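A.B. asks: need a structure here:
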Amino acid sequence: MFSFVSYDGTVLAYHEQGEGSPLVCLPGGPGRSSAYLGDLGGLATRRRLVLLDPRGTGESAPPADPATYAADRMVADVEALRAHLGLERIDLLGHSAAGALALLYAARHPDRIGHLVLVTPSMQPVGLELGDAEWYARIELRAGEDWYDSRLPDLKAWDAGDESRRLQAQAFFYSPWNETADAHATRFAGRSAEVAERFLAGLPPAEETRKALTKVAGPVLVIAGELDPEPVPAQAAEAAGLFPYGTSLTLPGAHYPWVTAPDAFADAVGSFLDGPAQTGV
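C.D. replies: Now for the predicted structure:
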């Protein structure tokens, strides 16, 4: 475990796996530590993963001001980590809710992006969200699986705000739902309720963020899971189109493709990161 002092004096922790060029990795949740990312399906054999524990999670300290749990404020933590690592540009990966954080970072610091990987990201900062009917239509894609009927009430309860049903609802976010997926979901079920509550507060207007992303000179990869409720492949393609050098990819699996399709994930992301970085638009 390593640590640094962020812009407001909060001591943040990060963990490293692998060797080579660094890839800064932001966990989602919101409010989860980086532990659930593991070695990202073996990606650590190709890159040095720098896995940040966001403030108030894992081994990072809570801030004096809880308002700084907002994603728009956490952008400054990512920039502080970049400076701590002594990097002019960073290769950055954000998963799920941290896709929102990575989008906000890229919008505010477009010149600091080497490569950007958005893995099944939240796209609320750019206004790309499914409606309830579309979301549940995606859920119904799993109707043929033997656990579907028993887990659907859990999903609906969790979606309505019952956090105690969150773990039982996780079957819909892994594909296939098997012993490996169940073990991962169970082991890494925890998250900070306070971070989750404040994370998406005070987002900049979506049009403002979308406009800023046109200045990102580095290549961007947006990954959708084939059976993920959200983002769907069409959303990933639309998000990729917001960038000058964006591309999208659909991988087998759902919201955690590196857990259930590790080789496909590591090969796709590793090959993308091995490609050249743009230096101007």
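A.B. asks: from here on, contacts and neighbour counts on C-alpha atoms
C.D. replies: Will do.
A.B. asks: How are the strands of the stretch 101-250 of the chain distributed by residue range?
C.D. replies: Taking DSSP state E, counting those that start in this stretch, the strands of the stretch 101-250 of the chain run over residues 113-119, 220-225, 246-251.
A.B. asks: Now residue 16. Its backbone dihedrals?
C.D. replies: phi -120, psi 140 (degrees, to the nearest 10).
A.B. asks: residue contacts, it?
C.D. replies: 1, 48, 49, 50, 51 (C-alpha atoms under 8 Å, 6 or more residues apart in numbering).
A.B. asks: From residue 164, how far out is it?
C.D. replies: 32 Å (C-alpha to C-alpha, to the nearest Å).
A.B. asks: Do I have it right that residue 40 meets residue 268?
C.D. replies: No: using C-alpha atoms under 8 Å, residue 40 makes no contact with residue 268, being 11.7 Å away.
A.B. asks: Give me the subset of the contacts of residue 16 that lies in strands.
C.D. replies: 48, 49, 50, 51 (DSSP state E).
A.B. asks: For ChimeraX, write the selection for the buried entries among the residues you listed.
C.D. replies: This is the ChimeraX syntax for the buried subset of the ones in strands among the contacts of residue 16, where burial follows 16 or more other C-alpha atoms under 10 Å:
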select :48,49,50,51
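A.B. asks: circling back to that earlier point, compare residue 40 and residue 268 and say which is more crowded by neighbours.
C.D. replies: Neighbour count, other C-alpha atoms under 10 Å: between residue 40 and residue 268, residue 40 has more, with 21 against 16.
A.B. asks: Please identify the buried residues of stretch 174-194?
C.D. replies: Across stretch 174-194, burial judged by 16+ other C-alpha under 10 Å covers 174, 175, 176, 177, 181, 182, 184, 185, 190, 191.
A.B. asks: Serialize the strands of the stretch 101-250 of the chain to TSV and add fields for mean neighbour count, distance to residue 206 and mean pLDDT.
C.D. replies: Shown next, in TSV, are the strands of the stretch 101-250 of the chain (neighbours: other C-alpha atoms under 10 Å; distance: least, C-alpha to C-alpha, whole Å; pLDDT from 0 to 100):
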stretch	mean neighbour count	distance to residue 206	mean pLDDT
strand 113-119	26	17	98
strand 220-225	28	18	98
strand 246-251	20	18	98
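A.B. asks: ok, now which ones touch the closest residue to residue 37 other than its chain neighbours?
C.D. replies: Closest residue to residue 37 apart from its sequence neighbours, by C-alpha to C-alpha, 6 or more residues apart in numbering: residue 27 at 7.0 Å. Taking C-alpha under 8 Å, 6+ apart, we find residue 27 in contact with 33-34, 36-37, 51-54, 94-98.
A.B. asks: Kindly report the same for residue 77.
C.D. replies: By C-alpha under 8 Å, 6+ apart, the contact set of residue 77 is 6, 7.
A.B. asks: helix, strand or coil for it?
C.D. replies: helix (DSSP: H, G, I helix; E, B strand; the rest coil).
A.B. asks: follow-up on the earlier one: out of the buried residues of stretch 174-194, what pair is the most spread apart?
C.D. replies: 176 and 191 (23.3 Å; C-alpha to C-alpha).
A.B. asks: and the residue nearest to residue 213 when sequence neighbours are not counted, how many neighbours does it have?
C.D. replies: Closest residue in space to residue 213, ignoring its immediate chain neighbours: residue 107 at 4.9 Å, by C-alpha to C-alpha, 6+ apart. Neighbour count for residue 107, taken as other C-alpha under 10 Å: 21.
A.B. asks: Tell me who's in contact with residue 107.
C.D. replies: 209, 210, 212, 213, 215, 216.
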